[in-house]
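S.K.: Sequence first, predicted coordinates after that:
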Amino acid sequence: MEDTGPSLRPGDLVEVLPISEILKSLDPDGTTERLPFMQEMVEFSGKRFRVTQKVNKTCVFCRNNDSALEIGGFPDDDVFFLDGLRCSGIYHGNCGRGCLLFWKSKWLRRVEDPSVPQPE
């Protein structure tokens, strides 16, 4: 598989890798380079989406104080948002916040020829 790395750009068409390939990239904590692959993301495996944005940083709730925010960065320059993909919250107590999902480039494959049908 080709490493897409930070060469992905907004507007690129990508395919989320099969779950079997994504699982190979995860450590025992279910993360790739400290970014978790969440259960809510499994349903998108094998499907195609447009890259909407490269993610440089995000705000997260501090573990010690749910009212405080902390800025977290992505120094590897390989985290992306995909068009319309948000967390359903079903595996997080049905929280309903609709958070954007963070995708590592290792979990994506650029679609070079969009006329080739999506695999079943």
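M.R.: Now that the structure is in, tell me what you want to look at. Numbers count the residues shown, from 1 in each chain.
S.K.: Go ahead and confirm S45 touches V16.
M.R.: Yes. Assessed by Cβ atoms under 8 Å, S45 is found in contact with V16 at 5.3 Å. The C-beta positions use only the backbone N, C-alpha and C, and glycine is treated the same way.
S.K.: Those two: which is more packed in?
M.R.: Remark: of S45 and V16, V16 carries more neighbours, 22 against 15, as counted by other Cβ atoms under 10 Å.
S.K.: residues near the nearest residue in space to the more buried one that is not next to it in sequence, how many?
M.R.: Closest residue to V16 apart from its sequence neighbours, by Cβ to Cβ, 6 or more residues apart in numbering: F44 at 4.8 Å. By other Cβ under 10 Å, the residues close to F44 number 17.
S.K.: do the one 4 residues further on as well
M.R.: Here the number of neighbours of R48 (other Cβ under 10 Å) works out to 17.
S.K.: hey, what's it bridged with?
M.R.: Residues in a beta bridge with R48, per DSSP bridges, are E15.
S.K.: looking at it, it is touching V14, isn't it?
M.R.: Yes. R48 is in contact with V14 according to Cβ under 8 Å; the separation is 6.9 Å.
S.K.: any residues in contact with both of those two?
M.R.: Taking Cβ atoms under 8 Å, 6 or more residues apart in numbering as the criterion, R48 and V14 both touch V111.
S.K.: Tell me the spacing between P117 and R48.
M.R.: For P117, the distance to R48 (Cβ to Cβ, to the nearest Å) stands at 10 Å.
S.K.: Please name the residues that touch the residue nearest to V16.
M.R.: Contacts of F44 by Cβ under 8 Å, 6+ apart are V16, L82, L85.
S.K.: Same question for L26.
M.R.: If you count contacts by Cβ under 8 Å, 6+ apart, then L26 has T32, F37 around it.
S.K.: Pick out the residue closest to the middle of the chain.
M.R.: Against the mean C-alpha coordinate of the chain, by Cα atoms, centre = their mean, the closest residue is W103 at 1.6 Å.
S.K.: ok, what's across the strand from that one?
M.R.: Bridge pairing for W103 - DSSP bridges - gives F80.
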